[in-house]
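Trainee: sequence isn't available, so here's the structure alone:
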């Protein structure tokens, strides 16, 4: 068990050392300012996405209702046209 812990600790220390050796990305000041001014908190994006999806769901329901109304109107129109045809003949 002690050997495992020593090996695991060694791997962990080695990983930390390698992480520190990696080059760091440093943005020029102008790009850093642009990034800071354009960052939107994740919570706001999540809320906006939820709002959009809710509105989309409402619109889809409204579309289904309108399609049902249009279908009813078209059926009535067909019946009226049929009656008009019968009266003219």
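Mentor: Sure, I can see it. Computed from a prediction, not measured in an experiment: that's the story for all the values here. Residues are numbered from 1 along each chain as shown.
Trainee: C-alpha from now on. contacts and neighbour counts both.
Mentor: Will do.
Trainee: quick check: longest helix of this protein.
Mentor: Taking DSSP state H as the assignment, the helix of the chain that covers the most residues is helix 42-88.
Trainee: pLDDT (mean, whole number) over that helix?
Mentor: Computed over helix 42-88, the mean pLDDT rounds to 93.
Trainee: for stretch 46-53, buried residues please.
Mentor: Applying a neighbour-count criterion of 16 or more other CA atoms under 10 Å, stretch 46-53 contains no buried positions.
Trainee: neighbours of residue 69, just the number please.
Mentor: Look at residue 69: counted by other CA atoms under 10 Å, it has 12 neighbours.
Trainee: helix/strand/coil for residue 34?
Mentor: helix (DSSP: H, G, I helix; E, B strand; the rest coil).
Trainee: tell me which residues touch it, please.
Mentor: Neighbour list for residue 34: empty [criterion: CA atoms under 8 Å, 6 or more residues apart in numbering].
Trainee: against residue 44, how distant is it?
Mentor: Going from residue 34 to residue 44 by CA to CA, to the nearest Å gives 19 Å.
Trainee: again, but for residue 81
Mentor: Following CA to CA, the distance that separates residue 81 from residue 44 is 54 Å.
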